[in-house]
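can't give you the sequence, but here's the structure:
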């Protein structure tokens, strides 16, 4: 388990308009250091000017569990961002009171005790309250660990050496408590080894669907049909590789990279398996990995964190991928592999093609690390998207975007009224000189992580957005026109349709 973590979150916990930073830490097993206090997760307050200050103690945010992932949302619709931490062991929900965070796990009933990985909030039943899905990996008992070998070298045992365990779907009752609806909603399964998880309305029917990246077994796509979820990954073309084999799915993200109005899908995989890019064709997904130029470029890397982002504000979503092996001794059995690996940055050239430009994107991108979680935010409020990546057993890496081009941009912070306050699940469609772009407000991102909630659009040379249409989770449709570029726009859901 120690080789899988951990995650990172960007979110504005203090409501001052800029993204703060939350880093999840692992821990020793109790038997390894019974007298040493556990390392705590860390919350860093954004002070502006590129400076962050450790606010963990004062904010009460230092969860001491064996940390894995984090997801952020305004769970109680009070205008303040709360967060959920997954652990190896009981998970934790922290409610933001405006003064500090309170651990409300016991009262909320969301302390699942398994090996939690990624988590995501969404209003799956469209009642205005944010529900929660928690991905679980497997039953792992360190006291019963067996020895596993590859090429005569002792390594971590693989995912199929452990018994799978279902994730958990919690329904928000709206009174501070949640109920387990996993079986009732059709998402219970012990076949997976769940790592990456995201909600997205891939079929554009107005409710959030659920995608889960599994390690070494078929991935899951649960289509939300209202009364229940229906598993459709095989029929939709996102369960297996292009040759029909299960892959070691790690991280996942949705993004409309071809600007056709619907969310496409990326999944990171194990070394010598390429990452998988799926293009949304409406009723199904097609494997676009090779046509996009991503097969050979990703084969030598073991991918974890992944994010769609428009790094140069040209109106096309690029891809950032964080890499790192799981075995520190990998060179002893695979001389072509390495434990620490550089990140990949795929520039979107349009027409469905990407070019890997990481070697030319600055020292932060070429830095070798044992990469895991990653998240995006414009933390310095200069109009371009910055990054943070987590290294297993090492320091996190904060990457400031210094592209310094003349391209324009628009950032949108959506605030729900009848919909959930975080506006998670809202779909934004933008029409401008660069054509049409679309994006969703989303909780959870990539691998074990959370990007900031405001949505970023690059506009290229266009100085004005002709039309911005917001499809709110409540069913309302809101249209704004003639919006000047280069601003962070706050849009409040109207009281009437």
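Yes, it's here. As the structure is a computational prediction, the values presented were derived from the model and not from experiment. Numbers count the residues shown, from 1 in each chain.

may I have the beta-bridge partners of the most centrally placed residue in the chain?
With distances taken as C-alpha atoms, centre = their mean, the residue of the chain nearest its centroid is residue 445 (1.0 Å). Counting by DSSP bridges, residue 445 forms beta bridges with residue 449.

now swap in residue 20 and tell me
Beta-bridge partners, per DSSP bridges, of residue 20: residue 11.

per-residue pLDDT of the residue of the chain most remote from its centre, please?
Distance from the centre of the chain peaks at residue 152, with 35.9 Å (C-alpha atoms, centre = their mean). Per-residue confidence at residue 152 stands at 92 (pLDDT).

count the residues that sit near the spatially closest residue to it that is not a sequence neighbour.
Leaving out its chain neighbours, the residue that sits closest to residue 152 by C-beta to C-beta, 6 or more residues apart in numbering is residue 333, at 7.3 Å. From N, CA and C alone the C-beta is placed, and that goes for glycine too. Number of residues near residue 333 (other C-beta atoms under 10 Å) recorded here: 15.

with the one 10 residues further on instead?
Close neighbours of residue 343, defined as other C-beta under 10 Å, add up to 26.

just list the residues touching it, thanks.
Shown in contact with residue 343 (C-beta atoms under 8 Å, 6 or more residues apart in numbering): 320, 321, 322, 323, 358, 365, 366, 367, 369, 371, 389.

got the buried residues for the helix or strand containing residue 398?
Per DSSP states H and E, residue 398 falls inside strand 397-399. Buried residues in strand 397-399, counted by 16 or more other C-beta atoms under 10 Å: 397, 398, 399.

on that earlier part again, and the contacts of residue 343, which of them are buried?
Applying 16+ other C-beta under 10 Å to those, the neighbour count classes 320, 321, 322, 323, 358, 365, 367, 369, 371, 389 as buried.

ok, and the closest non-adjacent residue to the first one?
In space, and not counting its chain neighbours, residue 320 is closest to residue 307: 4.8 Å by C-beta to C-beta, 6+ apart.

can you list contacts of the helix or strand hosting the one you found?
Taking DSSP H and E as the definition, one finds residue 307 inside strand 303-309. With contacts defined as C-beta under 8 Å, 6+ apart, strand 303-309 is touched by 250-255, 257, 266-269, 275, 317-324, 344, 371-376, 385, 387, 389-390, 445-449, 451, 456.

now, of the residues you listed, which are buried?
Buried subset of the contacts of strand 303-309 (neighbour count, 16+ other C-beta under 10 Å): 250-255, 257, 266-269, 275, 317-324, 344, 371-376, 385, 387, 389-390, 445-449, 451, 456.

just checking, which of the residues you listed belong to helices?
Taking DSSP state H, every one of the buried ones among the contacts of strand 303-309 sits outside helices.

ok so, going back, a markdown table for the contacts of residue 343, including pLDDT?
A markdown table is the format used below for the contacts of residue 343 (pLDDT from 0 to 100):
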| residue | pLDDT |
| --- | --- |
| 320 | 99 |
| 321 | 99 |
| 322 | 99 |
| 323 | 98 |
| 358 | 97 |
| 365 | 95 |
| 366 | 96 |
| 367 | 97 |
| 369 | 97 |
| 371 | 97 |
| 389 | 98 |
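
inside strands: which ones of those residues?
Within the contacts of residue 343, residues falling in strands by DSSP state E are 320, 321, 322, 323, 371, 389.

what are the bridge partners for the second one, then?
So the one you mean is residue 321. residue 306, residue 344.

can you pull the contacts of it?
Contacts of residue 321 (C-beta under 8 Å, 6+ apart): 268, 275, 298, 301, 303, 305, 306, 343, 344, 345, 346.

what's the closest of the ones in strands among the contacts of residue 343 to residue 160?
Among the ones in strands among the contacts of residue 343, residue 323 lies closest to residue 160 (C-beta to C-beta), at 22.7 Å.

return the distance of the closest one relative to residue 302.
Using C-beta to C-beta, to the nearest Å, residue 323 is found at 6 Å from residue 302.

need the overlap of contacts for those two.
Listed as contacting both residue 323 and residue 302 by C-beta under 8 Å, 6+ apart are residue 341.

pLDDT on stretch 132-140, on average?
Stretch 132-140 carries an average pLDDT of 95.

what does stretch 236-253 give?
According to the model, stretch 236-253 has a mean pLDDT of 96.

can you give me the end-to-end span of that stretch?
One end of stretch 236-253 sits 16 Å from the other (C-alpha to C-alpha, to the nearest Å).

give me the buried positions along it.
With burial defined by 16+ other C-beta under 10 Å, the residues of stretch 236-253 counted as buried are 236-240, 246-253.

ok, now stretch 212-220?
Of the residues in stretch 212-220, 212, 213, 214, 215, 217, 218, 219, 220 count as buried by neighbour count, 16+ other C-beta under 10 Å.

residue contacts, the fifth one?
In this structure, residue 217 makes contact with 159, 160, 164, 191, 192, 193, 246, judged by C-beta under 8 Å, 6+ apart.

same thing but 10 Å
Shown in contact with residue 217 (C-beta atoms under 10 Å, 6 or more residues apart in numbering): 159-160, 164, 191-194, 239-240, 246-249.

what pLDDT does it get?
For residue 217, the pLDDT comes out at 97.

how much space between it and residue 227?
27 Å.

ok, now the fourth one?
Taken as C-beta to C-beta, the spacing of residue 215 relative to residue 227 amounts to 30 Å.

what of residue 90?
Counting by C-beta to C-beta - residue 90 and residue 227 are separated by 31 Å.

returning to that earlier point: from the contacts of residue 343, which is closest to residue 467?
Closest to residue 467, out of all of the contacts of residue 343 and judged by C-beta to C-beta, is residue 320, at 28.8 Å.

quick one, what contacts that closest one?
Contacts of residue 320 by C-beta under 10 Å, 6+ apart are 253, 305-309, 311, 343-346, 358, 361, 365, 374, 376, 385, 387, 389, 399, 446.

quick revisit: between the buried residues of stretch 212-220, which sits nearest residue 432?
Nearest to residue 432 among the buried residues of stretch 212-220: residue 213, at 32.5 Å, using C-beta to C-beta.

could you confirm the closest one falls within a strand?
Yes - the assignment for residue 213 (DSSP: H, G, I helix; E, B strand; the rest coil) places it in a strand.

roughly how far does it sit from residue 296?
Applying C-beta to C-beta, the value for residue 213 to residue 296 is 22 Å.

got it, and residue 131?
From residue 131 across to residue 296, the span is 40 Å (C-beta to C-beta).

same thing with residue 44?
With the distance defined as C-beta to C-beta, residue 44 ends up 38 Å from residue 296.

more crowded one of those two?
The neighbour comparison of residue 44 against residue 296 (other C-beta under 10 Å) goes to residue 44, with 18 against 11.

for that one, phi and psi?
Main-chain torsions, residue 44, degrees, to the nearest 10: phi -110, psi 120.

so what's the residue count around the nearest residue to it once chain neighbours are set aside?
Using C-beta to C-beta, 6+ apart and skipping the chain neighbours, the partner closest in space to residue 44 is residue 52 (3.8 Å). Counted with other C-beta under 10 Å, residues neighbouring residue 52 total 17.

check contacts around residue 52.
Contact partners of residue 52, counting by C-beta under 10 Å, 6+ apart, are 19, 20, 21, 42, 43, 44, 45, 46, 379, 398.

among these, who's most crowded?
Going by other C-beta under 10 Å, residue 43 tops the contacts of residue 52 with 28 neighbours.

residues touching that residue, list them.
Applying C-beta under 10 Å, 6+ apart to residue 43 gives the contacts 9, 11, 13-14, 20-23, 52-63, 83, 94, 101.

show me what contacts residue 463?
Per C-beta under 10 Å, 6+ apart, neighbours of residue 463: 408, 432, 433, 484, 485, 486.

what's the closest of those residues to residue 120?
Nearest to residue 120 among the contacts of residue 463 is residue 432, at 29.2 Å by C-beta to C-beta.
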